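> I would like to see how this sequence folds:
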Amino acid sequence: MFLLLFFILFTSLSCFDSTDYFPFGTEMAEGYNLPLPMGLGFTYYFQDQAYELAKFSVNLPGVPDDIEDEIEIQNYTTEANVKLDVWILPFANVFFLGGKVKGETKFELQEFFPLQESLNYDGIVYGAGINLVAGYKSFFTIFNTTYTKTNLDQTDSVVDAWIISPKAGVNFPAPFLVKDIAIWTGAMYQKYQEHHEGTWELEDIYGNEIEVEYDVELAEGNAWNYLAGVALGISRRFCLEFEAGFGDRTQLASSLTYRF
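Residues are numbered from 1 along each chain as shown. Modelled structure (predicted):
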């Protein structure tokens, strides 16, 4: 679906000459070779991270008050999105995105009563953000902030994410199949909140199935992780990017962007 949306937007906008309108204040970047002002990109993203319980409510008698400390939670998320970005100023790039998310959140508890359950879900994600950029010769820094909201297919289930990511890198000409290469390293702060309400079907000690209503709010176990990435400038219009995150949260992202 989103590949089709990407193709429709690509064919609709490819003839549009955005240099007639953006960026404003080009005189501030005199002597620098600016990228084409607008970009249309497709991104695929995977993330794996531990969660902590911000709230855990179940209608099951005998559940201790401190059960939150005993539950281990792991989340796996994949996302595909289409992003439209615009350089409104030579140092400021704003973007808007929309896409599809699929996720799995696993709960495991061995004490008090055995619990090994997974919440599988999908939904629509949308958001916006800004990149602030500075550079000197071949070196550059980027400060990114992004907000996304995901409406899940489960009733009363939502995911909100606030992301801040500082990066620094270097750009240099490439000798072979691509025009230039940029490499960078940095970090990501992610304020992530996931909320679920629903019913688990569990089995008691006598083998009988029981329905347990739950109300769960989740947050990231560690807000920060490290990043490293590379961008391959295939031409002035096409760029292929790969980025990996490591630490308490691991992630992989790849994107293809067309500039016009």
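
> helix/strand/coil for the residue of the chain most remote from its centre?
Distance from the centre of the chain peaks at Tyr206, with 43.5 Å (CA atoms, centre = their mean). Three-state call for Tyr206 (DSSP: H, G, I helix; E, B strand; the rest coil): coil.

> In the chain, mark out all the helices, start to finish.
2-13 (DSSP state H).

> Least confident secondary structure element in it?
helix 2-13 (a mean of 57; mean pLDDT, DSSP states H and E).

> What are the buried residues along the lengthiest strand in the chain?
Among all segments of the chain classified by DSSP state E, the strand with the greatest residue count is strand 180-203. Residues of strand 180-203 classed as buried: 180, 182, 184, 186, 188, 190, 192, 194-196, 202 (neighbour count, 16 or more other CB atoms under 10 Å). C-beta: built from backbone N, CA, C; applies to glycine.

> So in that sheet, which strands flank it, and in what orientation?
According to DSSP bridges, strand 180-203 has the following sheet partners: strand 158-173 (antiparallel), strand 209-220 (antiparallel), strand 224-233 (antiparallel).

> what does the average pLDDT come to for that strand?
Across strand 180-203, the average pLDDT comes to 87.

> got it, and stretch 129-147?
In this model, stretch 129-147 carries a mean pLDDT of 96.

> follow-up on the earlier one: any chance of the strands paired with strand 180-203 in TSV with distance to Ala134 and mean pLDDT as columns?
Listed next are the strands paired with strand 180-203 as TSV, based on distance: least, CB to CB, whole Å; pLDDT from 0 to 100:
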stretch	distance to Ala134	mean pLDDT
strand 158-173	10	94
strand 209-220	29	81
strand 224-233	17	97
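
> Make JSON lines out of those and add distance to Ile142 and mean neighbour count.
As requested, these are arranged in JSON lines below (distance: least, CB to CB, whole Å; neighbours: other CB atoms under 10 Å):
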{"stretch": "strand 158-173", "distance to Ile142": "5", "mean neighbour count": "16"}
{"stretch": "strand 209-220", "distance to Ile142": "22", "mean neighbour count": "15"}
{"stretch": "strand 224-233", "distance to Ile142": "10", "mean neighbour count": "17"}
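
> Which among these is found nearest to Glu70?
strand 209-220 (14.4 Å; CB to CB).

> For stretch 100-119, give the mean pLDDT please.
The average of the pLDDT scores along stretch 100-119 is 78.

> Could you check how far it is from the centre of its chain?
Here the centre of stretch 100-119 is set off from its chain's centre by 22 Å, with CA atoms, centre = their mean, to the nearest Å.

> which parts of that stretch are buried?
Here stretch 100-119 shows 100-101, 103, 105, 107, 109, 115, 119 as buried, counting by 16+ other CB under 10 Å.

> for the spatially most central residue of the chain, which residues make a bridge with it?
Nearest residue to the geometric centre of the chain (CA atoms, centre = their mean): Tyr45, 6.6 Å. Taking DSSP bridges as the rule, Tyr45 bridges to Glu79, Ala253.

> ok, it touching Tyr76?
No: look at Tyr45 against Tyr76 with CB atoms under 8 Å: they stay out of range, at 11.8 Å.

> what sits against the residue lying closest to Gly99 once chain neighbours are set aside?
Leaving aside its sequence neighbours, Gly99 sits nearest to Asn81 (CB to CB, 6 or more residues apart in numbering; 2.6 Å). Taking CB atoms under 8 Å, 6 or more residues apart in numbering, we find Asn81 in contact with 2, 42-43, 45, 97-100, 125.

> and with 6 Å instead?
43, 97, 99 (CB atoms under 6 Å, 6 or more residues apart in numbering).

> With respect to Ala161, which of those is nearest?
For those, the nearest to Ala161 is Leu97 (11.7 Å; CB to CB).

> Can you give me the neighbour number for the nearest residue to that closest one once chain neighbours are set aside?
Leaving out its chain neighbours, the residue that sits closest to Leu97 by CB to CB, 6+ apart is Lys83, at 4.2 Å. By the measure other CB atoms under 10 Å, the count of residues near Lys83 is 20.

> Show the pLDDT at Lys83.
Predicted confidence (pLDDT) for Lys83: 97.
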